[in-house]
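>>> All I have is the shape, not the residue letters:
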């Protein structure tokens, strides 16, 4: 069974590879034996020409591609709010930001799947893993952002859950579209990750999960390798939610 989780001889690409989770995606795939092409801001996932250059480079260097992890995304995180309280209200939200997030989180995933995923379809095998979110399944709980003084500090935007919901549906579309070509397409949806948030936020989020904690950044490594490897050879079109049980309540 252990050999089914190995990725020896496989070539993988991870977008957003310098992010909090991206670095762990790279580490996990390399530890399982894959050769990993880690890309971040050096490749614009919203640009067809940039991705075409990446495709040509991959094929000229390795001659194949087996795993794609679409991790690049824009998020209005509580530890780094994009705006002050009033500006984060839905009624005052920025349409420019809405379009920017959709461009990266949805169009970027679409283009990576279309331009890089076609390599997998042409060779007749491979695994695409689109990184989703629990907020692609459930709406944000705005009360999580109320501090110990009872003050609403921030509102989670509409665009992030909208974008991650779209990613789930793109996953299902491609799983159906490319299944006969031997390409599996799944979503890995993380829950909240500890990243220097205020103690009051961590505690409130932890109480919202059966496991009573936020995720550590390395909690998703096993799930990622599972989806990338032959251990999940009969799994496609699935949203693998790894959230400490957050979405069961």
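Okay, I see it. Since the structure is predicted, the reported quantities are computational estimates derived from the model, not experimental observations. Numbering: from 1, shown residues only.

>>> Residue 247 and residue 138 touch, don't they?
Yes. Using Cβ atoms under 8 Å, residue 247 makes contact with residue 138 at a distance of 5.3 Å. Backbone N, C-alpha and C define where each C-beta goes, glycine included.

>>> Which residue, other than its chain neighbours, is closest to residue 202?
Counting by Cβ to Cβ, 6 or more residues apart in numbering, residue 202 lies nearest to residue 214, which is 5.9 Å off, once chain neighbours are set aside.

>>> sorry, that was for residue 68
residue 128 (4.7 Å).

>>> ok, the strand or helix carrying the one you found: who's next to it in the sheet?
Counting by DSSP states H and E, the element that carries residue 128 is strand 126-131. Counting by DSSP bridges, the strands paired with strand 126-131 are strand 67-70 (parallel), strand 183-190 (parallel).

>>> Which strands or helices does the helix or strand just after it pack on?
Scanning forward in sequence from strand 126-131 by DSSP H and E, the next helix or strand is helix 159-178. Helix 159-178 sits against helix 95-102, helix 108-115, helix 117-123, strand 126-131, strand 183-190, with contacts defined as 3 or more Cβ pairs under 8 Å, 6 or more residues apart in numbering; DSSP states H and E.

>>> From the rest of the structure, what touches helix 159-178?
Taking contacts as Cβ atoms under 8 Å, 6 or more residues apart in numbering, the residues outside helix 159-178 that touch it are 70, 73-76, 93, 97-98, 101-102, 105-106, 109-110, 113, 117, 120-121, 128, 130-133, 135-137, 139-140, 183-187, 189, 236-239.

>>> Now do it, average pLDDT.
For helix 159-178, the mean pLDDT works out to 98.

>>> From the chain's centre, how far out is that helix? Work that out for me.
11 Å (Cα atoms, centre = their mean, to the nearest Å).

>>> cool, stretch 181-195 as well?
Stretch 181-195 has its C-alpha centroid displaced from the chain centroid by 6 Å (Cα atoms, centre = their mean).

>>> Next, the buried residues of that stretch.
183-195 (16 or more other Cβ atoms under 10 Å).

>>> for it, what is the average pLDDT?
Over the span of stretch 181-195, the pLDDT mean works out to 98.

>>> now the residue located most distally from the centre of the chain: how far from residue 200?
Most distant from the centre of the chain: residue 149, at 33.2 Å, with distances by Cα atoms, centre = their mean. Using Cβ to Cβ, to the nearest Å, we find residue 149 at a distance of 9 Å from residue 200.

>>> measure residue 196 to residue 69 for me?
According to Cβ to Cβ, residue 196 and residue 69 sit 24 Å apart.

>>> That's all I had, so thanks and see you.
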